[in-house]
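> one predicted model, sequence on top.
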Amino acid sequence: MPARKNKCLELKKKARYAKKRLSSGYWDIVKQRKEIALTSAEEVLDKAAIGAYCRRNYGAEERQAHLVADMIEDERLYKKVCAFLASDTVVSNPIGLLLDKDKLGTLDEAGKTRYVLQMSNKYRDLCERFYNEKKL
């Protein structure tokens, strides 16, 4: 019986604290804090979402333009490679024929080296493409 009485006393005590919280406006304050936290969280999420959207979409047109320009440049180079691979003459410096002299003049030494290596990789890929298409 005393355990039951203690439970009733504890329940009454909790009820008094709950009534006190209600009458003092405790839950109104908690509700206001929660609303403030939610609106600030929504603002942060909105800012993050807007930032991600901008990074994802605003550069897309520029990236597309660069891809198209690169494809056009690759096709121009492929025509050059086809021309001197299909001819009977021996080309002693095929990579030198592919290099853009104006672009090469504006680069520093490291940039020149990088550019020549990129062109040699492109030349290798274009030769491989030429011979694969010739087999077909």
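Good, I have the coordinates. Please read these numbers as outputs of a predicted model, since none were measured by experiment. Numbering: from 1, shown residues only.
> for Val81, which non-adjacent residue is spatially closest?
Once flanking residues are discounted, Val81 sits nearest to Leu126: 4.4 Å by Cβ to Cβ, 6 or more residues apart in numbering. For the C-beta atoms, the positions are set from N, CA and C on the backbone; glycine is no exception.
> and that neighbour, which helix or strand is it part of?
helix 109-135 (DSSP states H and E).
> rewinding a little: quick one: residues contacting the residue nearest to Val81.
Counting by Cβ atoms under 8 Å, 6 or more residues apart in numbering, Leu126 touches 74, 77-78, 81.
> for Lys7, see how far away it is.
According to Cβ to Cβ, to the nearest Å, Leu126 and Lys7 sit 87 Å apart.
> what separation is there between Arg129 and Ile72?
16 Å.
> outline the domain layout of the protein.
As recorded under automatic domain parsing, the domains making up the chain are 2-57, 61-135.
> hey, which of these is tucked in deepest?
Mean neighbour count (mean count of other Cβ atoms under 10 Å) peaks for domain 61-135 among these, with a mean of 12.
> check what pLDDT Tyr53 gets.
At Tyr53, the pLDDT value in this model is 63.
> now do Leu67
Listed pLDDT for Leu67 reads 75.
> spell out the secondary structure type for it.
Counting by DSSP: H, G, I helix; E, B strand; the rest coil, the backbone at Leu67 sits in helix.
> what's the distance between Leu117 and Leu99?
Using Cβ to Cβ, Leu117 is found at 11 Å from Leu99.
> er, Asn93 I mean
For Asn93, the distance to Leu99 equals 9 Å [Cβ to Cβ].
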